[in-house]
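[1] got a predicted model here, sequence first, then my questions.
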There are 2 protein chains.
Amino acid sequence: MSIARLTFVWSAASNFNRRYRMVIHTSDFESEEIRSLALFSSLDDARFSMLMRGAYVQNLPPMIDLITEGDKSDFLHVLISGSVELFANWNDHETTMAVLRPTSTFILAATIRQARYLMSARTLEKSRIVLVPSEDVSAMFDLAPDFARAVVTELAICYRANIMTTKNLKLRSSLERLANHLLAERKLAGDTQSFELGIEKRRLASSLGMTPENLSRAFRQLKPYGVAIDGSRVIIADPSDLEGLAKPADLIDEPCLK
Amino acid sequence: MSIARLTFVWSAASNFNRRYRMVIHTSDFESEEIRSLALFSSLDDARFSMLMRGAYVQNLPPMIDLITEGDKSDFLHVLISGSVELFANWNDHETTMAVLRPTSTFILAATIRQARYLMSARTLEKSRIVLVPSEDVSAMFDLAPDFARAVVTELAICYRANIMTTKNLKLRSSLERLANHLLAERKLAGDTQSFELGIEKRRLASSLGMTPENLSRAFRQLKPYGVAIDGSRVIIADPSDLEGLAKPADLIDEPCLK
DNA sequence: CGTCGAATTGACCGCGATCAAGGAAGGTGG
DNA sequence: CCACCTTCCTTGATCGCGGTCAATTCGACG
């Protein structure tokens, strides 16, 4: 691997869409992180370099629009650090579809279909994102069978995650959704007694399909179940207590079953 | 193509799961219908036969459980005629996730991941379903690059359909969902003045995320917009009138954008 | 004609949204 | 360092969408 050669480009497109672009001819650090993704790990060095040749990194501040629903898909996105919100609009309403954390890919389906985005995306924190041209992904799909399999696996995982989201929305009340979310976050944090929400409450509310006001009240409703809130820190006294209410289910909540 | 050789098998597994199996060494009629699917159309005759060798057809009465969520995925399912409901359960609640019509595949994602089903499925009408062993699909994926591409395309379509469902649920009221559903059905029927619902109202209600009672009232609320109901027949006087309420959007309602 | 499930209708209630006001936290400039 | 602003969060009051329960009607089928 060669040493990183960085080029800095200011695109004056718009205030909301200014981009700090860094063309990488594969930086060592970046590559390791991207390579470790299931999607790319099957590629040999030569092919991985080939795929990264047309790719570039964006180093972005918070609240930058990455993509807008309705636009044509050009790049597969890979989130390396920071966090990204996927959201959608209709009739002056907006809803959070998902909040992504590293390391994950997004808009793979639109890339494959070469169709318009169904969702918009923006950074929530300072983030580092790799963009791989759609045609390169497509070409590699035909060239490397292992990569084809990795792509279809990745997509199947995303699909199943979405099915879980739909089940969550249709089968549970907002209080139950919150309770299960907290249990899932707790597990993610390593079953510690307290953990950070890691996301603004209003976005959490939207991603759970509720209003900020309702979320606030829902937190209080969870007090009898041993849930305490201190700013963005959540303390769960006894998880089994909360599980009685939440009734977590593998086929809705278990991320490894995606 | 050889003439169909049919074998009739009665599996006495359970009352709810009795199966009328017909092993097909490729019937002409069936094959044409399956071949015409985007998923299989890229395969040459030899490979298509190979894929169908281990497959068999089920000829099923209404209300037969096909798969149960949580079970391990064994077969890719293809609906040839009739209709199939995908549904999910949690905590004694049940919800309709989708109603499928010919010709379409289902549980492709579970097949690929070789994971447990996230949804259950049952026939709604007398239906004809082809089952292709998961390992055969998997083998053909590696063998035929065109098939691999067809699989990933099919999956991307399903993924995007699901994103649309989520947007529909989170961004619209139940009345708006119904209005848009009616407009979509009308278009599907060829923009005729009246059309059949083609599904029990209670299932329609569930698939729209509402109760049967609420659906009943929603229909009446649509009366001022020129919507009349006669049994399972819907008459829309002036679609543009209804569109004023529904505000249909490409990125939620347009099936071709999947 | 009788039966059973589905659909409708009515009465009621609760979840969650909306509107409005009041804090708390963090950032900026004097 | 503090006054001020902005933004998010919280809390209260109220409203309406949609769910629940119950009774009735409708319709398919034997």
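    Thanks, I have the structure now. Residues are numbered from 1 along each chain as shown, chains lettered A, B, ... in the order given.

[2] for A:Met164, give me its contacts.
    A:Leu251, A:Ile252, A:Asp253, A:Lys258, B:Leu118 (C-beta atoms under 8 Å, 6 or more residues apart in numbering or on different chains). Placement of C-beta: from N, CA and C, glycine included.

[3] can you show me the helices along chain A?
    Here chain A has its helices, by DSSP state H, at A:28-35, A:45-53, A:108-113, A:134-143, A:145-171, A:174-188, A:201-207, A:212-221, A:239-246, A:250-253.

[4] so can I have JSON lines of those showing mean pLDDT?
    Shown next, in JSON lines, are those (pLDDT from 0 to 100):
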{"stretch": "helix A:28-35", "mean pLDDT": "70"}
{"stretch": "helix A:45-53", "mean pLDDT": "92"}
{"stretch": "helix A:108-113", "mean pLDDT": "94"}
{"stretch": "helix A:134-143", "mean pLDDT": "94"}
{"stretch": "helix A:145-171", "mean pLDDT": "95"}
{"stretch": "helix A:174-188", "mean pLDDT": "96"}
{"stretch": "helix A:201-207", "mean pLDDT": "96"}
{"stretch": "helix A:212-221", "mean pLDDT": "95"}
{"stretch": "helix A:239-246", "mean pLDDT": "94"}
{"stretch": "helix A:250-253", "mean pLDDT": "95"}
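
[5] pretty sure A:Val132 contacts A:Met50?
    No - contact status for A:Val132 versus A:Met50: not in contact, 10.9 Å apart, counting by C-beta atoms under 8 Å.

[6] out of those two, which sits in the more crowded spot?
    A:Val132 (23 against 16; other C-beta atoms under 10 Å in any protein chain shown).

[7] how much space between that one and DNA strand D?
    Counting by C-beta to the nearest atom of the strand, to the nearest Å, the gap from A:Val132 to DNA strand D is 31 Å.

[8] got the confidence number for that residue?
    Predicted confidence (pLDDT) for A:Val132: 95.

[9] same question for A:Pro255.
    pLDDT at A:Pro255 comes out at 79.

[10] now do stretch A:189-201: distance to the chain's middle.
    17 Å (C-alpha atoms, centre = their mean, to the nearest Å).

[11] and A:Leu60, how many neighbours?
    22.

[12] who does it bridge with?
    Beta bridges link A:Leu60 to A:Ser127 when assigned by DSSP bridges.

[13] quick check, it in contact with A:Leu124.
    No - using C-beta under 8 Å, A:Leu60 is not in contact with A:Leu124, being 10.4 Å away.

[14] between those two, what contacts are shared?
    A:Gly82.

[15] does stretch A:107-119 reach chain B?
    Yes - using C-beta under 8 Å from any C-beta of the partner chain, stretch A:107-119 reaches chain B at A:Leu108, A:Ala109, A:Ala110, A:Ile112, A:Arg113, A:Ala115, A:Arg116, A:Leu118, A:Met119.

[16] can you list the residue ranges for strands in the stretch 1-150 of chain A?
    Listed in chain order, the strands of the stretch 1-150 of chain A (DSSP state E, counting those that start in this stretch) span A:8-11, A:19-23, A:56-60, A:65-67, A:75-81, A:84-90, A:93-100, A:104-106, A:120-123, A:127-133.

[17] touching the last one from outside, list them.
    This points to strand A:127-133. Under the criterion C-beta under 8 Å, 6+ apart, residues A:24, A:30, A:34, A:51-52, A:54-60, A:62, A:66, A:74-84, A:123 lie in contact with strand A:127-133.

[18] list the contacts for A:Pro248?
    A:Asn180, A:Leu183, A:Ala184.

[19] redo that, cut-off 7 Å
    A:Asn180, A:Leu183 (C-beta atoms under 7 Å, 6 or more residues apart in numbering or on different chains).

[20] and for A:Ile236?
    A:Leu182, A:Arg186, A:Gln193, A:Gly226, A:Val227, A:Leu242.

[21] return the residue of chain A that is most distant from the centre.
    What lies farthest from the middle of chain A is A:Pro224; by C-alpha atoms, centre = their mean that is 32.0 Å.

[22] so what's that one scoring on pLDDT?
    Reading off the model, A:Pro224 has pLDDT 93.

[23] list the contacts for it?
    Taking C-beta under 7 Å, 6+ apart, one finds nothing in contact with A:Pro224.

[24] nearest residue to the residue sitting nearest the centre point of chain A in space, please, no chain neighbours.
    By C-alpha atoms, centre = their mean, chain A has its centre lying nearest to A:Leu100, at 1.8 Å. Spatially, and ignoring its direct neighbours in sequence, A:Leu100 is nearest to A:Val84 (4.6 Å; C-beta to C-beta, 6 or more residues apart in numbering or on different chains).

[25] neighbour-wise, give me the winner out of the contacts of A:Met164.
    Neighbour-wise, the contacts of A:Met164 (other C-beta under 10 Å) top out at B:Leu118, 28 neighbours.

[26] neighbours around A:Phe40, how many?
    Neighbours of A:Phe40 using other C-beta under 10 Å come to 21.

[27] next, the contact list for A:Pro102, please.
    Here A:Pro102 is in contact with A:Leu79, A:Ile80, A:Ser81 (criterion: C-beta under 7 Å, 6+ apart).

[28] and if you look at A:Glu85?
    Counted by C-beta under 7 Å, 6+ apart, A:Glu85 has contacts A:Thr96, A:Val99, A:Ala121, A:Arg122, A:Leu124, A:Arg203.

[29] so what's the last one up against?
    To tie it back to what came earlier, the one meant is A:Arg203. A:Arg203 sits next to A:Glu85, A:Thr96, A:Val99 when contact means C-beta under 7 Å, 6+ apart.

[30] reformat those residues as JSON lines; add distance to B:Ile235.
    Listed next are the contacts of A:Arg203 as JSON lines, based on distance: C-beta to C-beta, whole Å:
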{"residue": "A:Glu85", "distance to B:Ile235": "43"}
{"residue": "A:Thr96", "distance to B:Ile235": "38"}
{"residue": "A:Val99", "distance to B:Ile235": "44"}
